[in-house]
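> Just need the structure, nothing else, for what follows:
(one chain, ligands or ions: 2)
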Amino acid sequence: MSTTNLKEQQDIQSIINKKGLIIAGPCSAESEEQLLETALALKTEGKTDILRAGIWKPRTNPGGFEGAGVKGLAWLLKAKQQTGLKTGVEVATSKHVEDALSFDVDVLWIGARTTVNPFSVQQIADALKGVKLPVLIKNPVNTDIKLWMGAVERIQKAGIETIGLIHRGFTSFGNTEYRNPPMWQIPIEMKRQLPNYPMICDPSHICGNRENLLSISQKSVDLDYDGIMIETHCNPDAALTDKNQQITPVQLSQLLSNLVKKTAYSNEESFLMELENLREQINHLDEELITLISNRMKVAKQIGDIKKKSKITILQSSRYNEILERAIKKGDHLGLSKEFITSYMEGIHIESIRIQNALG
Ligand code: PEP
Ligand code: MN
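Ligands and ions are numbered 1, 2, ... in the order given. Okay, here's the model as predicted:
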């Protein structure tokens, strides 16, 4: 039976839209005992809004535990009945949607390996026609923001009104600090384009370990995210999937208590005055920066003119490398990262070339 009752629908919609939403539960539903023990402990700790559990597990390599399947949904329903917690599962096919609905699951989410594939997302969207429950969409494994946006559009077109976004990091080669580096600029851009959609951080899949969970969660609070989805297991070391990143319900409670809460606004007069003052400085500096960049472009144009006259190529890689190296060194002295200077200089260089190209 799906969530058809209007009151229940409104309840779950307001839970999804609440600031500070907490979704917790094991990476995978492994057994009835494991799921019930975890769910009851989460309920006792009192901070969880939605109990998550993976039922079908998209494993990178075959042969591992691939999820309990439909019998896991029966355990999840039992956990819901015993704790009163709402439930959420990952769906990757239309059959998953159908099965989840028949076990009264309250929220569905689309995993990172599915968001990346428009065929699969469309199949899920088709299965959701006429259904009223919220759908959360994880970022795709790759850094293609358009795929993430496209998945939102497909689900929206199916008539789903409550859609949330989950940031779980992006695949990279050879990064040792994070399992999936967060690349915050992508979810920040997504938030800019879709300001009314809740953004939820999944620190578990970003970190891949327990040590960095607090700092990533705190960063999401600092960036005004709306909630956290975090893997929680009654006995993490014995977990069948993702054991290095799961924490106990008590550890989750501690982590949440250690988070420094932030708000987007304050009415306190001294804060507002100081903020206004600093923002004015920023506006002023931005104006100066743009004027300086424009002056730099005028010189680039003069160089373009003399190159054209002397029939010299516009692009001169060795000169660009020299400029970049100097800028990185200077930036380093002034506390600016190599990554920032590189992308800033790239932008400047592209614009210079555009201006020199326009000379014909
Ligand atoms: C999960 O949430 O357990 C999961 C499989 O995550 P992701 O889709 O982010 O890899
Ligand atoms: Mn997992």
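> what about Arg154, which helix or strand?
helix 145-157 (DSSP states H and E).
> Give me the helices and strands touching that helix, please.
Helices and strands touching helix 145-157, by 3 or more Cβ pairs under 8 Å, 6 or more residues apart in numbering; DSSP states H and E, are helix 112-115, helix 118-127, strand 135-138, strand 163-167, helix 185-193. For every residue, glycine as well, the C-beta is placed using N, CA and C.
> pLDDT (mean, whole number) over the third one?
Yep, that's strand 135-138 we're talking about. The average pLDDT within strand 135-138 is 98.
> Apart from its chain neighbours, what residue comes closest to the residue of the stretch 251-360 of the chain found nearest ligand 2?
Nearest to ligand 2 in the stretch 251-360 of the chain, going by Cβ to the ion, is Leu252, at a distance of 14.8 Å. Residue nearest to Leu252 in three dimensions, not counting chain neighbours: Thr232, with 5.0 Å by Cβ to Cβ, 6 or more residues apart in numbering.
> got the contact list for Thr87?
50-53, 76-77, 79-80, 104-107 (Cβ atoms under 8 Å, 6 or more residues apart in numbering).
> Could you rerun that using 10 Å?
12, 23, 25, 39, 50-53, 73, 76-77, 79-80, 100, 103-107 (Cβ atoms under 10 Å, 6 or more residues apart in numbering).
> Near the residue of the stretch 101-250 of the chain found nearest ligand 2, how many other residues are there?
Of the stretch 101-250 of the chain, the residue with the smallest distance to ligand 2, taken as Cβ to the ion, is Asp242 at 3.8 Å. By other Cβ atoms under 10 Å, the residues close to Asp242 number 19.
> thinking again about what came up before, narrow the contacts of Thr87 to just the buried residues.
When the contacts of Thr87 are checked for burial by 16 or more other Cβ atoms under 10 Å, the buried set is 12, 23, 25, 39, 50-53, 73, 76-77, 79-80, 100, 103-107.
> still on that earlier bit, test my guess that the residue of the stretch 101-250 of the chain closest to ligand 2 contacts Pro58.
No. Look at Asp242 against Pro58 with Cβ atoms under 10 Å: they stay out of range, at 11.9 Å.
> Skipping adjacent residues, who's closest to the closest residue to ligand 2 within the stretch 1-150 of the chain in space?
Here the stretch 1-150 of the chain gets closest to ligand 2 at one residue, Cys27, 3.4 Å apart by Cβ to the ion. Closest residue in space to Cys27, ignoring its immediate chain neighbours: Asp242 at 4.0 Å, by Cβ to Cβ, 6+ apart.
> how about the strands in the chain?
Under the criterion DSSP state E, the chain contains strands at 21-25, 50-52, 86-91, 107-110, 135-138, 163-167, 199-201, 227-231.
> near ligand 1, which residues of the stretch 251-360 of the chain show up?
Taking Cβ under 6 Å from any ligand atom, no part of the stretch 251-360 of the chain reaches ligand 1.
> What segments of the stretch 251-360 of the chain are helices?
Ranges of helices in the stretch 251-360 of the chain, per DSSP state H, counting those that start in this stretch, are 269-309, 317-333, 338-357.
> would you list the ones you listed in TSV and tack on distance to ligand 2, mean neighbour count and mean pLDDT?
Output for those, formatted as TSV (distance: least, Cβ to the ion, whole Å; neighbours: other Cβ atoms under 10 Å; pLDDT from 0 to 100):
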stretch	distance to ligand 2	mean neighbour count	mean pLDDT
helix 269-309	39	11	94
helix 317-333	38	12	94
helix 338-357	28	14	93
